[in-house]
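> When you get a sec, could you give me coordinates for this:
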Amino acid sequence: MARLLRPLLRGTTYTRLLHLWVPMLFVSVWMFIDMSKPWVPALVLVPVGLIPAVRMGEGVQARLLLTPGERATDISVISVEPSATWRERLRTVLWLEVRLALGWVAGPVTVWLPLLSYGLVETARGRVQHDIPVLAEASPHWAYALLVPLPLVALYAAVVGLGELITVLAHRFLGPSAAERLAALEERTERLLERTRIARELHDSIGHALTVAVVQAGAARAAGDPAFTDRALGAIEETGRAALEDLERVLGILRESERPVSSRPTLVDADRLLESARVSGAKIDAELTGPVDTVPGPVSREGYRILQESLTNVLRHAGAVPVRVRIEVTDGALGLEVRNPLTAEIPGPGRGSGLRGIRERAGLLGGRARTGPDQGDWQVHVELPLR
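Have a look, this model is predicted:
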């Protein structure tokens, strides 16, 4: 019983009823002008619906009164854009006609059914209701009181049913077109890609800094050498400062979506990564071939992050081991390879997420990445096209 009465407690039930009543205001004005031609309002709505802005106005009304709980970001939400094609204009015309027809039904129902209940009460009290045709010939009797709830139940069913029907039709006639759905999907995809890119940025930058700090702190405590401890603290300070700069940059992107990405580090800054790994104890053998400064910005920035993640994995999983880094720039591609002796076990949390990020970065640029054991070493080999 409580479930059946629940619509009476929802504000949407009454806003939908208001939406059904609105067209009758126009009809009421016309009826004062000429009652002999009730079809004129329906005829006038045809050219009105062809106006592009009408679809936007109807969409705003429908969102506000029919679906106030729907999220504006939902791809299936009622559109609030003007008509862009003749198909959308014709759909708007059909919507206006359907809305008017349902208004013709809702108006009399919501007026006469309550009056009928009142008339039954008065008839039960012994008063003849000449103003209500159904009861005009009825003889007063107390038994009519038993029929009082029936018009109210019918009113409840009509209000809820018509409200649900007008909402379904609004989605059908005012819903987004194929072009609007495609645009919404593209916008949502862009947001997801941006969030994924920011997540990778934070993972690579902050993960690298924390790994260097943990490795350096552990090595300094084990060494017991004041000079080594000073170098370790210096490395932790430098890496932490760089991580803070990256964090501030990423937060700036979140605060200001139009902020350029030119300030992100590139392979020109690779020496900073290599020196940080050397200070952490890794024996870096680096070889750079070709003009790194001519690498296009997107490729150079992603290459820097791939190198950063590769060195972070070495420090996290292998520790202070020899590492060979090869960066080669040719006319059409950037080659990057990081190799280190393969350890018997790969401990630690987050296993696999960094390697997946490397492959994703390479794939987005049309390149390819190979990670895994190779001739007794662990290798990360990436090839990125420059064009």
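
> Domain parsing of this protein, as residue ranges.
2-176, 182-385 (automatic domain parsing).

> Could you tell me the least trusted of these?
Among the domains of the chain, domain 182-385 carries the lowest mean pLDDT, at a mean of 76.

> chain center to that one: distance?
29 Å (Cα atoms, centre = their mean, to the nearest Å).

> next one: stretch 93-105
Centroid separation for stretch 93-105 versus its chain: 33 Å, with Cα atoms, centre = their mean.

> May I see the buried residues of that stretch?
Of the residues in stretch 93-105, 93, 95, 96, 97, 98, 99, 100, 102, 103, 104 count as buried by neighbour count, 16 or more other Cβ atoms under 10 Å. Just so you know, the C-beta spots here come from the backbone N, C-alpha and C atoms, and that holds for glycine as well.

> contacting residues for the first one?
Contact criterion Cβ atoms under 8 Å, 6 or more residues apart in numbering gives 45, 46, 49, 50 as the residues in contact with residue 93.

> List buried residues within the residues you listed.
By 16+ other Cβ under 10 Å, those give 45, 49 as buried.

> Please list the members of the contacts of residue 93 that lie in helices.
45, 46, 49 (DSSP state H).

> Could you find the closest non-adjacent residue to the last one?
Excluding the flanking residues, the one nearest residue 49 by Cβ to Cβ, 6 or more residues apart in numbering is residue 93, at 3.4 Å.

> any idea how far the helix or strand encompassing that neighbour is from the chain center?
Secondary structure from DSSP states H and E places residue 93 in helix 86-124. The chain centroid and the centroid of helix 86-124 are separated by 37 Å under Cα atoms, centre = their mean.

> same question, stretch 117-137
Relative to the centre of its chain, stretch 117-137 is centred 57 Å away, using Cα atoms, centre = their mean.

> Tell me the buried residues in that stretch?
Result for stretch 117-137 [16+ other Cβ under 10 Å]: buried residues 117, 119, 120, 122, 123, 124, 129, 132, 135.

> okay, among those residues, which ones form the most distant pair?
Pairwise distances across the buried residues of stretch 117-137 peak at 13.4 Å for 124 and 132 (criterion: Cβ to Cβ).

> Just name the closest of the buried residues of stretch 93-105 to residue 369, please.
Of all those, residue 369 sits closest to residue 95, with 51.8 Å by Cβ to Cβ.

> Quick check: residue 281 vs residue 314, distance?
Here residue 281 is placed at a distance of 10 Å from residue 314 (Cβ to Cβ, to the nearest Å).

> Who has more neighbours out of the two?
residue 314 (27 against 18; other Cβ atoms under 10 Å).

> Regarding the nearest residue to that one once chain neighbours are set aside, what is its secondary structure?
Leaving aside its sequence neighbours, residue 314 sits nearest to residue 340 (Cβ to Cβ, 6+ apart; 4.9 Å). Recorded secondary structure, residue 340: strand (DSSP: H, G, I helix; E, B strand; the rest coil).
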